[in-house]
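[1] When you get a sec, could you give me coordinates for this:
(one chain, ligands or ions: 1)
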Amino acid sequence: MRMTSPATVRIITAQEAIPIRQVMLRPGRPAGECVFAHDNDPDTRHFGAFAGGIMAGIASVYHLAPPGASDAGAWQLRGMAVLETAQRRGIGAALLLACRAHVVERGGTRLWCNARTGAVPFYAKHGFEVTGKEFIIPDVGSHHVMQWQLP
Ligand SMILES: CC(C)(COP(=O)(O)OP(=O)(O)OC[C@H]1O[C@@H](n2cnc3c(N)ncnc32)[C@H](O)[C@@H]1OP(=O)(O)O)[C@@H](O)C(=O)NCCC(=O)NCCS
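    Here you go, the predicted structure:
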């Protein structure tokens, strides 16, 4: 059944993000592969979007620069996923805005991500730009580095 109620976004723990990471981002893989480096760093925040009485989407931000860069204003967006039954209802956008607000509040100047090729139109719609060539993450698929200049 598809969900129609608006989502409420709030901070969650890294542990709470694991089930949606596993279903949407690492299907068929063990839960251990859904624990990401820096998940428990002090600056890291995990957000959950709640709709229809369940958590329907997740996203995390990490105070990390992309490979080869070192600016303190860079934050990484990672682990963005919305349950299939809840997609295309603005939940991804709500999560993205919560992440953006968190990063801007802390003085961040850019948000970057390794975007799955299938998700590039979603990020582009919100102002992210592709900054590099396509690359493959083994067992996950093709990606592009994208970034959103803030604020
Ligand atoms: C990418 C994702 C998080 C978007 O979440 P969402 O809640 O569906 O996004 P929203 O409803 O806020 O935004 C929808 C808009 O984004 C774009 N978009 C989203 N998914 C898209 C897709 N598969 N193809 C093309 N455009 C897409 C469209 O512009 C769409 O607007 P429209 O429905 O009016 O056409 C979700 O599709 C998802 O979890 N995908 C699987 C996991 C994944 O790829 N995560 C990203 C890892 S980098």
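[2] what residues are up against residue 29?
    Residue 29 is in contact with 22, 139, counting by CB atoms under 8 Å, 6 or more residues apart in numbering. The C-beta positions use only the backbone N, C-alpha and C, and glycine is treated the same way.
[3] what about it, distance to residue 19?
    Counting by CB to CB, to the nearest Å, the separation of residue 29 from residue 19 is 13 Å.
[4] Same question for residue 56.
    Distance from residue 56 to residue 19, by CB to CB: 12 Å.
[5] Tell me which of these two has more neighbours.
    Ranked by neighbour count (other CB atoms under 10 Å), residue 56 and residue 19 place residue 56 first, with 24 against 14.
[6] element containing the more buried one?
    strand 54-62 (DSSP states H and E).
[7] Packing partners of that strand?
    Applying 3 or more CB pairs under 8 Å, 6 or more residues apart in numbering; DSSP states H and E, we find strand 54-62 packed against helix 14-20, strand 45-51, strand 74-82, helix 91-105.
[8] which non-adjacent residue is nearest the residue in the chain that the ligand sits nearest to?
    Closest approach of the chain to the ligand (CB to the nearest ligand atom) occurs at residue 92, with a separation of 2.4 Å. Of all residues not flanking residue 92 in the chain, residue 82 sits nearest, at 5.1 Å (CB to CB, 6 or more residues apart in numbering).
[9] Report the contact partners of the one you found.
    24, 49, 56-57, 91-92, 95.
[10] Give me the pLDDT for it.
    The confidence metric pLDDT takes the value 98 at residue 82.
[11] what about it, distance to residue 119?
    Residue 82 sits 10 Å away from residue 119, going by CB to CB.
[12] hang on, the earlier thing: now rank the contacts of residue 82 by neighbours and give me the top one.
    residue 49 (27 neighbours).
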